[in-house]
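> Here is a sequence with its predicted model. Questions after.
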Amino acid sequence: NYTGTTTVNSGILQIDGSISSSTTVVNGGTLQGGGTLGNMTLNTGGKIALGDGVGNLGTLSASQFIWNPGSVMNIDLGVSGNSDKLNLSQSLQKGLSGSGSGYTFNFNALPTFTGHGTYNLITFSSTTFSASDFSITGPVNGFFTMNGNTLQFTVTENFSTWASTYFTTQQLNDPSTSGATATPQHDGVSNLLKYFFNINPTLQMSTVARTALPVAGMITNGGNQYLTLTYHQNVSATGITINVQTSSDLKTWQTVTPDITQNLGSDPNTGDPIIEVEIKTNGTSREFVRLNVTLP
């Protein structure tokens, strides 16, 4: 056992168990593994690779972490929500020393990666970072958020990318199967809508999947009546246009701006937000509401 500083200047230091050193400083080379260590500093030119670096997901645990610019953290992404993680018992601090710029995550998509989902990357007791401080390299796109004491990354995808995760090459070349307006399960719900509601288009819709579809209702709030529409929205979906529309005869539809839009919580299976929109009624004897989802 020793209590001095562990310094990584080149090569790879693999941490599978634990080290008693109070501080580990990565100046160059790579600190890698899923073990436990004390305070940790990542300097310009250094790299941290969570997990074993060869596709087996893992969690590296440490006390305080100071991340200086011009350095990289490697993280493997697996099936939705499963990834390498960094678990800090103390703070995640934004370092400002060094000649580099940026705080970069390099994401590696494992064979189990599904192209969507939200991943918990780093947990901490406090932080001086904001979500906008981080940048991305690798084959995925998305955005960072600070959710309480967790840094999260949400993968974004367009309709074509989403379709390619479900359909074979032959099916992708057949618009009647994989196209936006196609309904390969003959259930009246197009592929585009299943993309928006995060429903597998290659399976018959289960009872659970159907809960993501819009449900219309009526409420009274402050003496006013409102039409409501409640639905689950794929948090990873991009490149689509979403309009709320109303009609009195189911023939002529008018796009409206909801008077109230609120997040009711998260889907317990996908983590997608549950959205409710409210539209004040105009006093007619009947009124209908729908969600219109289109590609530009």
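All right, it came through fine. Residues are numbered from 1 along each chain as shown.
> May I have the secondary structure class of residue 56?
Three-state secondary structure (criterion: DSSP: H, G, I helix; E, B strand; the rest coil) places residue 56 in coil.
> Which per-residue confidence value corresponds to it?
Per-residue pLDDT puts residue 56 at 83.
> and the gap between it and residue 31?
Remark: distance between residue 56 and residue 31 (C-beta to C-beta, to the nearest Å) = 17 Å. Placement of C-beta: from N, CA and C, glycine included.
> and residue 171, that one's in a helix?
Yes. Looking at residue 171 with three-state DSSP, it is inside a helix.
> Just to check, it is in contact with residue 178?
Yes. Counting by C-beta atoms under 8 Å, residue 171 does reach residue 178; the two are 5.0 Å apart.
> ok, these two, which is more surrounded?
Neighbours per residue, other C-beta atoms under 10 Å: of residue 171 and residue 178, the larger number sits with residue 178, 22 against 18.
> Now do the more buried one, the pLDDT please.
As predicted, residue 178 sits at a pLDDT of 96.
> Can you tell me what sits against the helix or strand of the chain with the lowest mean pLDDT?
Least confident helix or strand of the chain, by mean pLDDT, DSSP states H and E, is strand 23-26 with a mean of 87. By C-beta atoms under 8 Å, 6 or more residues apart in numbering, the residues outside strand 23-26 that reach it are 5-8, 31, 37-43, 46-48, 62, 71.
> That one: partners in the sheet, and parallel or antiparallel?
Strand 23-26 pairs in its sheet with strand 5-8 (parallel), strand 39-42 (parallel), by DSSP bridges.
> Show residues contacting the last one.
Judged by C-beta under 8 Å, 6+ apart, the contacts made with strand 39-42 from elsewhere in the structure are 22-26, 31, 48, 62-68, 71, 73, 90, 95.
> hang on, the earlier thing: need the winner for burial among the strands paired with strand 23-26.
The highest mean neighbour count among these, using mean count of other C-beta atoms under 10 Å, belongs to strand 39-42: a mean of 22.
> now it: how far from the chain's centre is it?
Relative to its parent chain, strand 39-42 has a centroid offset of 26 Å by C-alpha atoms, centre = their mean, to the nearest Å.
> Same question for stretch 60-70.
Using C-alpha atoms, centre = their mean, the offset of stretch 60-70 from its chain centre is 22 Å.
> got the end-to-end distance for that stretch?
End-to-end distance for stretch 60-70, by C-alpha to C-alpha, to the nearest Å: 21 Å.
> Just the buried residues of it, please?
Residues of stretch 60-70 classed as buried: 60-70 (neighbour count, 16 or more other C-beta atoms under 10 Å).
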